[in-house]
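Asker: Mind folding the following:
(2 chains)
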Amino acid sequence: MTDHKTIKELCAQFTRIINEPNLEIQRVHAEKPAPIIGFLPTDVPEELIHASGAYPYGLVSYEGMWVNRADAHLQTWACSLARCSFGMALAGKFDYLSGLIIPHICDTTRMISGIWKQTRPYDFMENFVLPRQVDRPSARSYLIGELGRLKARLESFMGRSIADEELQRSISLYNKNRTMLRKLYQFHVRRPDLISNLDVFNAIKSAMLIPKELHNVMVSELLRVVEQQTHERNTDDAARGVRVLVTGKVWEPPAIMEILDESGGVCVADDLSTGYRYIANDVTENGNPLEALADHQLKRPPSPCFVNRGQDRLEYLVDKVKASGARGVIFLHLKFCETENYDYPLLRDALFDANIPNVRVESEIGNVSHGQISTRIQAFMEMLGGEEIYGS
Amino acid sequence: MAASQPFKTAGLLKGLMAKYYEQGNLARERGVPVAWVTAVSPVELVYAAGLFPYYPENFGALAAARKVADKISMAAETRGFFSDLCGYARCGLGDAYAQEHPVGKIVRPDLLFCCNTQCGSLQKWFETAGRLYKAPYFLLDAPLIENASTELVKRYFVEQLEEAINFFEVATGSPFNFDRLAEVLDLANEACRLWNEILDMAAMKPAPFGFFDACFHMAPIVTWRGTKEAVMYYQELKNELEDRLSKKIYAVPDERFKIYWDHIPVWPKLRWFSDLFAEHGALVAVSQYTHSWAYQFDLDRPLESLAENYSEVFSNRDFEDRIQLKINFMKKYQIDGFALFSNRSCKPTAFGLYDKRKIISDRTGLPGIVFEGDMSDLRYFSDEQVRNRFKIFFEQLT
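Answerer: The predicted model follows:
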C-alpha cells in the first residue's frame, strides 16, 4: 500500500511528527489510552516505560518562543534546552503528559527536577539518578539498583508489575528500531543524495516521539524503498560531499542540518544525544533485563556528562574521525552547556594535534542567527572541500 | 571581620595556611604525591593514605578574595574556556597557562580525587585538569538524595570508597592503613565539633562571631581537617571568642537583626557586604555553606560513616530538603530576614532560588531577597544593582 511512496514522502512523515509532535501521540493515545510519560533527552531506559504499558515520549521538539517563559523560575544563564523544555511545560504545551522522567546528567538537570515538581508537576515525577562515572564496577551495581528503583516506581504508578518477559519484548522492539536506524544512517553516509542529514536525524528524533511499533513500520518501509532505489540506480557508493563528524549534545535548532545539507556537508558520524548516541548500541536480549539495560547505558558512546577513564572522549573522537573517514569536526554547542564547554578546549587541541580541522558552532534555542551559523558552516565546508581539491 | 578589633588568631591562621602551602610545594620533593581534592570530599582518606591533599577551590577563593580572579581567568578564557564556567575552575585552569601568578602558582596534581556532591562543575574541572596534567582521575560520585538516603546510595558510596582506597594505594605504593584512618577521623571529629560550636555562637544576641568571620576562619576546617593543626586552631579561636564575649566585643556592636545568607560569600566583596550589613545593624549569622563541615564519624564503621556524612550533606539534597534545611537554620539562629545569592559560578545552589525565596517567605513570614552576582568574578557584579536590592530588603526588616 505504500509501494508508491517516494523516499522524500516517507521522510516527510518524520518531519511532520517533529513539527507537531503532540498530534501523533495524542492520536495514538485516543485510540488506545495509556499514560504518556515524558523524558528529557536521552539517557533514560525507555524500554522500562514501554514495558510498563505507558507511552514514552521524548521532550525533544522545541518551540523557541517559550524559552523566556521559564525566566521567573530559572536563571537566564541556564542552557536554552532546559529553559525551553520547562518554558513549554509552563505554557501548557505538555499537559497531555501523565509523567516525566528527568535523567541526572548535569547540574541543570539535577536542579530543574525540583523546580519542575514544584511549579508544574505531573502525576508521576521521577528522576533517573544516573552514575556519573561509568567505568568502575561500582557504577554497574549502583545502576542496576537504580533501574530497579525506577521500575518499582513505574509499577506502582501503572498499578501493575513488569514481568521479565515483557521487558525483554520491549528490549527486542527497541533493538529492532536501533538496528534499522543504524542501517538508515549507513545508507545516508553512502548516499546522502537519497537520505540527507536532515532526513536521517529527523528519523532518529521522531523515534522518541511516537511508539516504536509505529516507528519501526515507517523506518522499515523507508529502508525497503531506499534499498530498492540504490539497487535500481546502481550508482557507485563513492562519498559525495564533504564528510564531517558532528559532536555535541543536540542538533538544535533543526535548521542546522538543513544548513549542513545546503553546504554540501555529510555527517558521517556523531555523538549527539538526539543523534547516533541514541541508536549506537543495543541491549543484550538474553539474561537479566535490568543488568542488560545497565550495561547498555554504561557502554553508550562517551559523553561529557559521564567520566569514563577507560575510554576518554579525547581519544574516542580522534579515533572516530579516522574510522569514519571524516575530514573535519563540527562542534555543535548550545550556549551555557557547561559539560561541553569544559571539554571543548582540550578536545579542539587534541583534534588539531591529530591534524583534524574543526570548527565550533554555538546556538541557542529561541535565539539564533541562522545567517551566522550558515556562514560559519559554509566557510568550514569550503575550507575542507578546498583541502580535498588541493590534496588530490 | 566586621568586629572593630582584629582577631588575635588571625596571625595563627596566616602561619597555618603558609605552612599548608609550603607543604604543598615541598610534597613532591619529599616523595609525597599531591592529590587534588574537593572541599566537600572525604579528605580523611587522603590524609590517612599519606598523600598531600591540595584544594584548587581554595586557590580560587584566595584569588577571588585578592580580587585577581578575573585576571587569572583570562588566561583560561583566551584558551577557549568560556566565561560562564565556574570562576574557581577558570582560575585554576587559567593559572596553569598564565605567565604571572599573583597568588602563587597552583600546585600540579599527581592524582585527582573529586567528589561531585557539591556540583558537576568540579567533576568537569578535575576531569579537564586530569587531561591537562595527564594525571589519573577518580570521581567519587554522589547521586542526589531525595527525601531520605537509601541503602542503594550508601552501598554505592562505600563501594566507591573502597575503589578510592585502591586508587590511593596505587599512587603511594603502600597498603592503606585503617589505624591511621581512625586517628584522622578522630581528629576530624574534634575539629568539626569545635567549628560548629564556634558557628553556633552566632546565635547569641549580640553575637561575637558571624558568617563573614566564619568565611575568614574557615580555611583550616577545609584544608587541615583530620590533623591536629585544625583542632589546635579552632580551640584557640574558640578561646578567643569566649574571651571576647567576656569583654563584650561583638561582631556587629549594635546588632539589631540576624540574617541568613545563602550560600557562598562574594569573596572579592566580603568587606563590602560586611560593612553594608553592619551599617544597618544586621549580622549575617549563618549560611549553609560554612556548616558544610559538620561531620561526625563513627570510628567503629569508618567507611559507612564517611559515606553517610559525605553523601548526605545539604549540597546533595533535593529542592524540598534544601528549603527545610534553610528554614531550620533560620529558626535555630532566630533569623529576621534572608538573602539568597544567585551565584553565576554555582548552578546547583543558584537554580531554584527564585521559587525558594517565595516558599520560604510564605512558610516563615520572613522577608527575603535574591541577588545576582558571582562568587569570584567582579565582571558579573554590579555594586549599584545589589545595593538597591538590599535597600528594599533593609526597609522590610524594620
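
Asker: can you pull the buried residues of stretch A:299-306?
Answerer: Judged by neighbour count (16 or more other C-beta atoms under 10 Å in any protein chain shown), stretch A:299-306 contains these buried residues: A:R300, A:P301, A:P302, A:S303, A:P304, A:C305, A:F306. Backbone N, C-alpha and C define where each C-beta goes, glycine included.

Asker: just checking: which of those residues also lie near chain B?
Answerer: Among the buried residues of stretch A:299-306, the residues lying close to chain B (C-beta under 8 Å from any C-beta of the partner chain) are A:P304, A:C305.

Asker: Columns pLDDT, secondary structure and distance to B:A63 on top of the buried residues of stretch A:299-306, output as JSON lines?
Answerer: Putting the buried residues of stretch A:299-306 into JSON lines (pLDDT from 0 to 100; DSSP: H, G, I helix; E, B strand; the rest coil; distance: C-beta to C-beta, whole Å) gives the following:
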{"residue": "A:R300", "pLDDT": "96", "secondary structure": "coil", "distance to B:A63": "37"}
{"residue": "A:P301", "pLDDT": "95", "secondary structure": "coil", "distance to B:A63": "36"}
{"residue": "A:P302", "pLDDT": "94", "secondary structure": "coil", "distance to B:A63": "32"}
{"residue": "A:S303", "pLDDT": "95", "secondary structure": "coil", "distance to B:A63": "31"}
{"residue": "A:P304", "pLDDT": "97", "secondary structure": "coil", "distance to B:A63": "26"}
{"residue": "A:C305", "pLDDT": "97", "secondary structure": "coil", "distance to B:A63": "28"}
{"residue": "A:F306", "pLDDT": "97", "secondary structure": "coil", "distance to B:A63": "30"}
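
Asker: between the buried residues of stretch A:299-306, which is nearest A:H215?
Answerer: Among the buried residues of stretch A:299-306, A:R300 lies closest to A:H215 (C-beta to C-beta), at 19.9 Å.

Asker: quick one: the closest one from B:L152, how far?
Answerer: Distance of A:R300 to B:L152, computed by C-beta to C-beta, to the nearest Å: 22 Å.

Asker: B:P53 too?
Answerer: With distances taken as C-beta to C-beta, B:P53 is found 29 Å from B:L152.

Asker: Which residue of those two possesses the greater neighbour count?
Answerer: Using other C-beta atoms under 10 Å in any protein chain shown, the more surrounded residue of B:P53 and B:L152 is B:P53, with 26 against 17.

Asker: In which helix or strand does the more buried one reside?
Answerer: With elements taken from DSSP states H and E, the one containing B:P53 is strand B:52-54.

Asker: Write out the residues of the stretch 51-200 of chain B neighbouring chain A.
Answerer: The stretch 51-200 of chain B comes close to chain A at residues B:79-82, B:84-85, B:89, B:116, B:119-121, B:123-125, B:127-128, B:131-132, B:136-137, B:139, B:141, B:143-144, B:146, B:150, B:152-153, B:155-156, B:159-160, B:163, as judged by C-beta under 8 Å from any C-beta.

Asker: Looking at the longest helix seen in chain A now, give me its mean pLDDT.
Answerer: In chain A, ranked by residue count with DSSP state H as the criterion, the top helix is helix A:164-190. Confidence for helix A:164-190, expressed as mean pLDDT, is 97.

Asker: Run the chain-centre distance for that helix.
Answerer: Put simply, helix A:164-190 sits 14 Å off its chain's centre (C-alpha atoms, centre = their mean, to the nearest Å).

Asker: Now do the same contact list for the residue lying closest to A:L48 once chain neighbours are set aside.
Answerer: Closest residue to A:L48 apart from its sequence neighbours, by C-beta to C-beta, 6 or more residues apart in numbering or on different chains: A:K151 at 5.6 Å. Applying C-beta atoms under 8 Å, 6 or more residues apart in numbering or on different chains, one finds that A:K151 lies in contact with A:L48, A:S52, A:I162, A:L290.

Asker: Distance check, A:K151 against B:P220.
Answerer: As defined by C-beta to C-beta, A:K151 lies at a distance of 46 Å from B:P220.

Asker: Work out for me the element whichever residue of chain A sits closest to chain B sits within.
Answerer: With distances taken as C-beta to the nearest C-beta, chain A approaches chain B most closely at A:G114, which sits 2.4 Å away. Secondary structure assigned from DSSP H and E places A:G114 in helix A:107-119.

Asker: and if you look at B:I392?
Answerer: Here B:I392 is covered by helix B:383-397, with elements defined by DSSP H and E.

Asker: For the strand holding B:P53, what is the distance to the chain centroid?
Answerer: Its chain's average C-alpha position is 16 Å from that of strand B:52-54, according to C-alpha atoms, centre = their mean.

Asker: in the stretch 51-200 of chain A, which spans are strands?
Answerer: A:55-58, A:99-103, A:124-128 (DSSP state E, counting those that start in this stretch).

Asker: Can I get those in CSV including distance to A:Q311 and mean neighbour count?
Answerer: Supplementary listing: the strands of the stretch 51-200 of chain A in CSV, determined by distance: least, C-beta to C-beta, whole Å; neighbours: other C-beta atoms under 10 Å in any protein chain shown:
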stretch, distance to A:Q311, mean neighbour count
strand A:55-58, 26, 24
strand A:99-103, 20, 24
strand A:124-128, 22, 21
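
Asker: In JSON lines: those strands, plus distance to B:K358 and mean pLDDT.
Answerer: Conversion of these to JSON lines gives the following (distance: least, C-beta to C-beta, whole Å; pLDDT from 0 to 100):
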{"stretch": "strand A:55-58", "distance to B:K358": "30", "mean pLDDT": "98"}
{"stretch": "strand A:99-103", "distance to B:K358": "22", "mean pLDDT": "98"}
{"stretch": "strand A:124-128", "distance to B:K358": "20", "mean pLDDT": "97"}
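
Asker: got a markdown table for these, with distance to A:L198 too?
Answerer: Formatted as a markdown table, the entries for those read as follows, by distance: least, C-beta to C-beta, whole Å:
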| stretch | distance to A:L198 |
| --- | --- |
| strand A:55-58 | 18 |
| strand A:99-103 | 26 |
| strand A:124-128 | 29 |
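
Asker: And the helix or strand hosting A:V225, what's buried?
Answerer: Under DSSP H and E, the secondary-structure element containing A:V225 is helix A:212-233. By neighbour count on 16+ other C-beta under 10 Å, the buried set for helix A:212-233 is A:K212, A:H215, A:N216, A:M218, A:V219, A:E221, A:L222, A:L223, A:V225, A:V226, A:Q229, A:T230.

Asker: Quick one: list the elements packing against that helix.
Answerer: Contact analysis of helix A:212-233 by 3 or more C-beta pairs under 8 Å, 6 or more residues apart in numbering or on different chains; DSSP states H and E lists helix A:7-19, helix A:164-190, helix A:197-206 as its packing neighbours.

Asker: Show residues contacting that helix.
Answerer: Looking at what lies outside helix A:212-233 - C-beta under 8 Å, 6+ apart - the contacts are A:2, A:5-7, A:10-11, A:13-14, A:28, A:50, A:173-174, A:176-177, A:180-181, A:183-184, A:187, A:190-191, A:194-195, A:203, A:206-207.

Asker: Can you give me the end-to-end span of stretch A:283-297?
Answerer: Distance between the two ends of stretch A:283-297: 9 Å, counting by C-alpha to C-alpha, to the nearest Å.

Asker: For that stretch, list every residue counted as buried.
Answerer: For stretch A:283-297, the neighbour count (16+ other C-beta under 10 Å) marks A:V283, A:P289, A:L290, A:E291, A:A292, A:L293, A:A294, A:D295, A:H296, A:Q297 as buried.

Asker: now stretch A:22-34
Answerer: Under the neighbour-count rule (16+ other C-beta under 10 Å), stretch A:22-34 has A:N22, A:E24, A:I25, A:V28, A:H29 buried.
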